[in-house]
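Student: my questions are about this predicted structure, shown below with the sequence.
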Amino acid sequence: MSEIAAKAPTKAPTRPRRRLIASRLVPYLLLQALIVIATVLGLRLLQPSDPDDFALSGFSLREDGVTTPVTLPHFTASRYSLADPPLYTGTFTFRRGDAASGWSVYLPRFSNAVEVAVDGVVVLDSRRDANANRPDRNTPQIAAVPASLLREGTNEITVRLFVWGPLKGFLDTVYVGPDAALRPAYETRTLLFVTLPVVFSAWQSILAVILAIMWLMRRHEPVYGVLAAAMVLGVVQAFAPPPVPPAATSRLAAVLLASAPTESALIVVFGVLFFGWRWPRYATLLFLPGIVVFVVGLIGGPPLPRILFLVLGIPTVGICLVLMACITATAVVRRQDAASFTIGCAVTIVLVCWIQDMLNVLEIVSNDRIFVSRLSYSAMLVAIGAGLTWRFARALNQVDSFAGQLVTRVREAEERLKASFAREEERARAAALANERTRLMRDLHDGLGGQLVSIVALSERGHEGATITDAARAALKDLRLVIDSMDDIGGDLMLALGSWRERASAQLRPHDITLDWRVATPQGLPLHPELRPWHVIQIVRILDEAVTNAVKHAEARHIAVTIDTLDGDQGPYGVISVTDDGHGFAVSDNGEAARTGQTARGLRNMRNRAARCGAMLDLSSDTSGTRVRLQLPQCFPDSDMAAG
Amino acid sequence: MTEQGETGDTITILLVEDDAPTCWRLQDALVKAGYEVRSAGTLSEARAALAGGAPRVLLTDLRLPDGHGVELIREMRQRFPDTEIMVISALGDEESVISAITVGATGYLLKDAFPTDIATTVRDLVAGHSPISASIARFIVRRTQGTAQNSAEPPPGPALNTARLTPREIDILWGIAKGFSYAEIASHLGLSKQTVPGHIKNIYRKLEVHTRSEAVFEAVQQGLIKL
């Protein structure tokens, strides 16, 4: 019961998954089958045609001392025949009347090298063109036959076939005829089997450089480096000059020519990395054949690399192609994207070409020994490289557009921030304005309001004009104080005190009281950037109160204002003292004046005001005078301390 | 006690003030001090009074029923350059005093000043001393800072050309703004006490806008003329 319960959930998801794999794999495989058919048909159709009118097929072959009649195309019996090369001898008929132009000998395919003689005179030796002798290329050769050489009637042609492996020697049909008739066929083959590979290789080398630079700049993406390495190997293999025996060649060049297994293993690595998988460690064994060819070739020297290449290299290439086909098929099932489809199809084409070449080598299918896998592989590499570059460019575009979006977003955010900042500033300004208005109303109410009411009351009672005058003057003074305090004094309390001095002097002059003004330092008081108008009003009102007390209640004759700056623990602070020479008043134990109710109220007011702006008020009074000492804070408080 | 001018004649004052009680009060104080006072309640009355000859001193309010005192000050400055001009202000606020200074006034008088102070102020003016308050001095020096710092926003209040003031004059203004007496300022700056009033007079003269176009510009700036 429990087993069933445990198994049921694991089985359930596998079935739809299998169905999914099948539904994806089957169409892909069908597509590959179609591609196989198309490739086979294409190879048949694209077989270069030769001018059959001038074909020479019947030859007598002298090989290993035995002479036999043969029909071209013909495979030799041995793989090495440098000392005593097979000699093909044939005849052709030349009629001078037909020869509007010169005649030529055209050999569409041979391996490894040929020496052609007409009537005993050598007209062509392909060993001079090293690339013409590569068995993996299908290089044709053409040679003009000097007109003086040709005899009217029957002429003899001999072909010596040099073979140095790794395959058996091969000689395709030989054509002798007017150059104008043979050359187009030769040109077609040259284009297909000489020019096109060169073009592909050149392209490959450019892509190798581009991919190498990409990898150098982006070390965390080894896929570019792997592909670049594969392409470099391919290019070296294509352009390295092959050795023509018996000429000695460097061992390095020899093993580089046999680098195809390493190259194909690299392509498998590329496939694995490209589809985002991790490279399994045991898969490095895939490089083993390539390394063996390399090491043994380096130690043993030619012709070992060629033999090992035939035995180890070519099967490795096949294994790699099959692996690639599997990898791409898996990728197609998993990813269903264009890249895996494209690479999968390309791999199928190359695989078909490789199989075709194998059948060719094993002489199961005769295809005039035209090898196509190298060509198709180069084409595939070029396609992959181009695709990767395209993908890279697209990624760059995405980055660009992302950067563009980012810039736009940042700009938008900035604008939003600016707007909100402006809004916030506006709100703060409005709040400050409202606060200031409230404060102004309160100050006007506190001072001017009361004084005006007092004036009204005095007028109604028909009091003495002098009292009304005093009240009105007090009101005006207060109005000036409020207006003055609104001014921006930049934290310099001295500027406010300067105005106050003028007002106080004017107030004292009719009473014949002199105001001594002593400022200890030219600067006066320390600067207070945090000083606000309401601080100024409180301080000036304290000083006003002190002067008023001295005039009204103490009957002083001299009033001295001393302004000093003292150094405290945390910086300088200001002290303002108002001293008079009046008769003073008693100060009770609790600091309150015990004289008249009005004075008491005045003193309480002074203390309150001092407390509100963080200042300390000291009051001492005796019969010789009164001293009010106002010690300013080092830093004025932000908010009203008494209110809080 | 009779105030005498340099020529020995009685000093004549033209008082232009539309508020009758204020006018009486000032007139009483000045007459008691021995000045010869003619009074006018409007601009046109003032102009009519000028037809009889130039007074030694012109005291004028700024807000008048038929115009602005600034117009009268400017006319006066052009027609009678020797006349001392003083503006009567209720509160001594910068707005009114500075606008009067820029057209040629060299002092101001508070409406509620004590009678003795009124007489003293006029006497000082005739003697060549221009009164200047701490708040006016503060306004002017702040303006010099505003232009020196090239601040983006012009400081509030009437426009004022402070470019011609010398550093010494600015120092004197600072002293006045901070409540120092002339003697204290003189000792701080190493001057003789007697030269300070002369400096202040110079400051007033320099703040006056002389050319007609400048005057028009100033008037437009202050909203006295609408273009």
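Tutor: Thanks, I have it. Treat the numbers as computed from the prediction; the structure is a model and nothing was measured. Residues are numbered from 1 along each chain as shown, chains lettered A, B, ... in the order given.
Student: quick one: is the longest helix along chain B near chain A?
Tutor: If you go by DSSP state H, chain B has its longest helix at helix B:134-148. Yes - with CB under 8 Å from any CB of the partner chain as the criterion, chain A is reached by helix B:134-148 at B:134-135, B:137-138, B:142. C-beta coordinates here come from the backbone N, C-alpha and C atoms, glycine included.
Student: where does pLDDT dip in the chain?
Tutor: Picked chain A for this. A:1-15, A:97-100, A:243-250, A:301-302, A:366-367, A:462-465, A:586-599, A:640-644 (pLDDT under 70).
Student: ah, no, chain B please
Tutor: B:1-9, B:146-159, B:209-227.
Student: what segments of it are helices?
Tutor: Using DSSP H, helices in chain B cover B:20-32, B:43-51, B:69-79, B:94-103, B:115-126, B:134-148, B:167-177, B:182-189, B:195-207, B:212-221.
Student: what's in contact with the fifth one?
Tutor: The set of residues that contact helix B:115-126 without belonging to it, under CB atoms under 8 Å, 6 or more residues apart in numbering or on different chains, is A:506, A:509-510, B:3, B:5, B:11, B:13, B:25-26, B:28-30, B:32-33, B:35, B:56-57, B:59, B:84, B:86, B:106-107, B:109, B:113, B:130-131, B:197.
Student: which ChimeraX command selects the buried ones in the residues you listed?
Tutor: Only the buried entries of the contacts of helix B:115-126 go into this ChimeraX selection, using 16 or more other CB atoms under 10 Å in any protein chain shown:
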select /A:506,509 /B:3,11,13,25,26,29,30,33,35,56,57,59,84,86,106,107,109,113,130,131,197
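Student: with neighbour count as extra columns, can I get the residues of helix B:134-148 next to chain A in TSV?
Tutor: Output for the residues of helix B:134-148 next to chain A, formatted as TSV (neighbours: other CB atoms under 10 Å in any protein chain shown):
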residue	neighbour count
B:134	26
B:135	25
B:137	24
B:138	27
B:142	21
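Student: strands of the stretch 501-644 of chain A, start to end?
Tutor: A:514-519, A:558-568, A:571-580, A:616-622, A:625-631 (DSSP state E, counting those that start in this stretch).
Student: just the CA trace of the second one, in CSV.
Tutor: Coordinates of each C-alpha in strand A:558-568 appear next as CSV, following Å, rounded to 0.1, in the frame of the first residue of the first chain:
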residue,chain,number,x,y,z
HIS,A,558,22.4,106.1,35.0
ILE,A,559,21.8,102.9,33.2
ALA,A,560,24.7,100.9,31.9
VAL,A,561,24.4,98.1,29.3
THR,A,562,27.5,95.9,29.1
ILE,A,563,27.9,93.4,26.3
ASP,A,564,30.6,90.8,26.7
THR,A,565,31.6,87.4,25.2
LEU,A,566,32.9,84.8,27.6
ASP,A,567,34.5,81.4,26.8
GLY,A,568,32.7,78.4,28.1
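Student: that one vs strand A:571-580, what angle?
Tutor: Angle of strand A:558-568 versus strand A:571-580, following axes from the mean of the first three to the mean of the last three CA atoms, to 10 degrees, is 160 degrees.
Student: anything in strand A:558-568 near chain B?
Tutor: No - counting by CB under 8 Å from any CB, chain B is not contacted by strand A:558-568; separation bottoms out at 8.8 Å.
Student: how close does whichever residue of chain B sits closest to chain A sit to residue A:514?
Tutor: Closest to chain A within chain B is residue B:179: 3.1 Å, counting by CB to the nearest CB. Applying CB to CB, to the nearest Å, the value for residue B:179 to residue A:514 is 15 Å.
Student: related to what we said a few turns ago, what's the offset of the longest helix of chain B from the middle of its chain?
Tutor: Distance of helix B:134-148 from its chain centroid, counting by CA atoms, centre = their mean, to the nearest Å, is 16 Å.
Student: what angle separates it from helix B:94-103?
Tutor: Angle of helix B:134-148 versus helix B:94-103, following the same axes, to 10 degrees, is 70 degrees.
Student: between helix B:134-148 and helix B:195-207, how big is the angle?
Tutor: Using the same axes, to 10 degrees: helix B:134-148 against helix B:195-207 is 50 degrees.
Student: quick one: contacts of helix B:134-148?
Tutor: Taking CB under 8 Å, 6+ apart as the rule, helix B:134-148 contacts A:484, A:487-490, A:495, A:498-499, A:501-502, B:92-94, B:97-98, B:108, B:154-155, B:157, B:160, B:162-163, B:165, B:170, B:173-174, B:176-179, B:203, B:207.
Student: go with 7 Å
Tutor: Residues from elsewhere that reach helix B:134-148, judged by CB atoms under 7 Å, 6 or more residues apart in numbering or on different chains: A:484, A:487, A:495, A:498-499, A:502, B:92, B:94, B:97-98, B:154-155, B:157, B:160, B:162-163, B:165, B:170, B:173-174, B:176-177, B:179.
Student: just give me the residue closest to the centre of chain A.
Tutor: The structure's chain A has its C-alpha centroid closest to residue A:399; by CA atoms, centre = their mean the separation is 6.6 Å.
Student: ok, now chain B?
Tutor: Compute the mean C-alpha point of chain B, and by CA atoms, centre = their mean the closest residue is residue B:107, 2.6 Å away.
Student: need the contact list for that one.
Tutor: The contact partners of residue B:107, by CB under 7 Å, 6+ apart, come to B:86, B:121, B:125, B:130-131.
Student: how about residue A:279, what does it touch?
Tutor: Taking CB under 7 Å, 6+ apart, we find residue A:279 in contact with A:269, A:272-273.
Student: which of the residues you listed tops the neighbour count?
Tutor: residue A:269 (22 neighbours; other CB atoms under 10 Å in any protein chain shown).
Student: list of residues touching the helix or strand where that residue lies?
Tutor: In this assignment (DSSP states H and E), residue A:269 forms part of helix A:260-274. Contacting residues not belonging to helix A:260-274 are listed as A:222-223, A:226-227, A:229-230, A:233-234, A:237, A:279, A:286-287, A:289-290, A:293, A:312-313, A:316-317, A:320-321, A:323-324, A:327-328 [CB under 7 Å, 6+ apart].
Student: mind giving me the PyMOL select for the residues you listed, buried ones only?
Tutor: To isolate the buried ones among these in PyMOL, judged by 16+ other CB under 10 Å, type:
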select buried, chain A and resi 223+226+227+229+230+233+234+237+286+287+289+290+293+312+313+316+317+320+321+323+324+327+328
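Student: residues near the residue of the stretch 51-200 of chain A found nearest chain B, how many?
Tutor: Nearest to chain B in the stretch 51-200 of chain A, going by CB to the nearest CB, is residue A:199, at a distance of 68.6 Å. Residue A:199 has 13 neighbours, counted by other CB under 10 Å.
Student: which helix or which strand is home to it?
Tutor: helix A:196-217.
Student: now do the helix ranked longest in chain A: distance to the chain's middle.
Tutor: Longest helix of chain A, by residue count under DSSP H: helix A:373-444. What separates the centre of helix A:373-444 from the centre of its chain is 16 Å, taken as CA atoms, centre = their mean.
Student: give me the nearest residue to residue A:508, chain neighbours excluded.
Tutor: Closest residue to residue A:508 apart from its sequence neighbours, by CB to CB, 6 or more residues apart in numbering or on different chains: residue A:515 at 5.3 Å.
Student: what sits against residue A:259?
Tutor: Contacts of residue A:259 by CB under 7 Å, 6+ apart are A:233, A:236-237, A:290.
Student: go with 6 Å
Tutor: A:233, A:237 (CB atoms under 6 Å, 6 or more residues apart in numbering or on different chains).
Student: quick one, phi psi at it?
Tutor: phi -90, psi 0 (degrees, to the nearest 10).
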